[in-house]
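Visitor: sequence and predicted structure below; questions after.
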Protein chains: 2
Amino acid sequence: MKLQAAIDRVTLEQAKDLACQLDPIVDIIEMGTSLIKDYGFYALNKEALGLQHAELLLDAKTIDEGQYEFEKGFETGADILTVMGAASQGTLETTYKVAERYGRQMFIDLMEVNDQKLAAIDQFENAIYGLHHAKDDTGAFDAADSVASFHQKYPQIKRINVAGGIDLNQARKLKAQGIAETVIVGSKIVKAADPVAAAKEFMKEVK
Amino acid sequence: MKLQAAIDRVTLEQAKDLACQLDPIVDIIEMGTSLIKDYGFYALNKEALGLQHAELLLDAKTIDEGQYEFEKGFETGADILTVMGAASQGTLETTYKVAERYGRQMFIDLMEVNDQKLAAIDQFENAIYGLHHAKDDTGAFDAADSVASFHQKYPQIKRINVAGGIDLNQARKLKAQGIAETVIVGSKIVKAADPVAAAKEFMKEVK
């Protein structure tokens, strides 16, 4: 299982510093939506960030203008870009085409996607499907249970990524379960007193 | 009726130049999602843009993290911020509260919002409800017809803003109709050989 460390709601300087520290350890470094909306794609160029090892995910949350945003995001060096599952079918088809053309990856954020919509967007074979709770939704969320029930309902979807309050216990449970391809950890790594040590602890659980 | 000129998919330099030229003429200047994702909120500060007359709309298309994005957007000087109607109820309630607290405005983008979802989000009395086609949707769209049928279905919604291929004829039709509060014009102004002259032509139709 892969570990994706999510950096969010910090200054550009802090984001760069965290990315640099975590780059040799984790599989994927996510620059959160807040960083894109505060500073923009150009400031989050993979080369400028100095990433040598980890893949770069930019959480663009594209909901329209699929071609423009995905081309811009891949040109800035992103390996993975996110699109909202709630976007129109046209947008999803466009972003998928762009991702395939660049040989990069599309991550579909399933927030506010109901079963009917999911049935219409389950055909993107190489896409990563991301399960998580909206940050504005304060209800309970058990990552492993959510992954199990999603997999049962949509066995044809191969690539699953999950986020939402993942701690070491949840990471261990998800690894044992063997369904999710990647787990996203945010504050438990980046807000830890020692982010590098925290990332190493999580890596032990997921590998 | 108000005129909102939408600036999109240009460099920051070009956006600033257009904003400066259009500021004395139009009611609202929109900095499109592409400018936010390319350059970020900080680069689109109202003071840095030098706006003296027009209101500033930042098309943030918030879909989560409502409080963070709306506070950041208003702090950069936006008068109006957009949120997706497809966002969770929690996000919409949060962004509305932030907008009311700042005494600024929330614009709900109705892209990919069906009747069922709209019935759940029609209660934001001071919000502007925005009708438009996704840029990735190539189907036909008649602005005046869309406004008429929306108004018939949702007479309780007082503030309507409409976008999508608006030319001088459509602007005239919408003004005569008297339902929409604001009309958004993009390429017909900002891609015109003389954007200032084009904006003046539109102002004649809407006032």
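Guide: Nice, thanks for sending it over.
Visitor: okay, CA-based contacts and neighbour counts for the rest of this
Guide: Will do.
Visitor: in stretch A:56-70, what counts as buried?
Guide: Judged by neighbour count using 16 or more other CA atoms under 10 Å in any protein chain shown, the buried positions of stretch A:56-70 are A:56-67, A:69-70.
Visitor: what do you get for stretch A:70-83?
Guide: Neighbour-count burial for stretch A:70-83 [16+ other CA under 10 Å]: A:70-74, A:76-83.
Visitor: distance check, the nearest residue to residue A:188 once chain neighbours are set aside against chain B.
Guide: Once flanking residues are discounted, residue A:188 sits nearest to residue A:167: 6.6 Å by CA to CA, 6 or more residues apart in numbering or on different chains. Distance from residue A:167 to chain B, counting by CA to the nearest CA, to the nearest Å: 21 Å.
Visitor: surely residue A:9 touches residue A:36?
Guide: No: Residue A:9 lies out of contact with residue A:36 (CA atoms under 8 Å); the separation is 10.0 Å.
Visitor: more crowded one of these two?
Guide: residue A:36 (25 against 15; other CA atoms under 10 Å in any protein chain shown).
Visitor: can you give me the pLDDT of the more buried one?
Guide: Looking at residue A:36, its pLDDT reads 98.
Visitor: that one - nearest residue in space that isn't next to it in sequence?
Guide: Distance criterion CA to CA, 6+ apart; nearest residue to residue A:36, sequence neighbours excluded, is residue B:37 at 5.8 Å.
Visitor: so who does that neighbour touch?
Guide: By CA atoms under 8 Å, 6 or more residues apart in numbering or on different chains, residue B:37 lies in contact with A:36-37, A:39-41, A:60, A:69.
Visitor: list the contacts of the longest helix seen in chain A.
Guide: Scanning chain A for the helix with the most residues, using DSSP state H, yields helix A:89-102. Helix A:89-102 has contacts (CA under 8 Å, 6+ apart) with A:63-67, A:70-71, A:74, A:83, A:85, A:105-106, A:121, A:124, A:127, B:136-137.
Visitor: which ones among those lie within strands?
Guide: Applying DSSP state E to those, the entries found in strands are A:83, A:105-106.
Visitor: where's residue A:140 relative to chain B, distance?
Guide: Taking CA to the nearest CA, one finds residue A:140 at 14 Å from chain B.
Visitor: repeat for residue A:9
Guide: From residue A:9 to chain B the distance is 8 Å (CA to the nearest CA).
Visitor: I'd guess that residue is in a strand, am I close?
Guide: No: under DSSP: H, G, I helix; E, B strand; the rest coil, residue A:9 falls outside any strand and is assigned coil.
Visitor: what's the distance between it and residue A:102?
Guide: 29 Å (CA to CA, to the nearest Å).
Visitor: what lies in contact with stretch A:173-193?
Guide: By CA under 8 Å, 6+ apart, stretch A:173-193 touches A:1-8, A:18, A:143-144, A:147-148, A:151, A:159-167, A:171, A:195-196, A:198-199, A:205-207.
Visitor: again, but for stretch A:28-36
Guide: Residues contacting stretch A:28-36 (CA under 8 Å, 6+ apart): A:2-12, A:15, A:19, A:22-23, A:44, A:54-61, B:36-38, B:40, B:68-69.
Visitor: now swap in stretch A:111-125 and tell me
Guide: By CA under 8 Å, 6+ apart, stretch A:111-125 touches A:84-86, A:89, A:96, A:131-134, A:156-158, B:86-88.
Visitor: filter those residues down to the buried ones and hand me the ChimeraX line.
Guide: In ChimeraX, this line selects whichever of those come out buried by 16+ other CA under 10 Å:
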select /A:84,85,86,96,131,132,133,134,157 /B:86,87,88
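Visitor: part of a helix, is residue A:129?
Guide: No: Residue A:129: not assigned to a helix; according to three-state DSSP it is strand.
Visitor: bridged to it, which residues?
Guide: Beta-bridge pairing for residue A:129 (DSSP bridges): residue A:108, residue A:160.
Visitor: distance of it from residue A:88?
Guide: Counting by CA to CA - residue A:129 and residue A:88 are separated by 16 Å.
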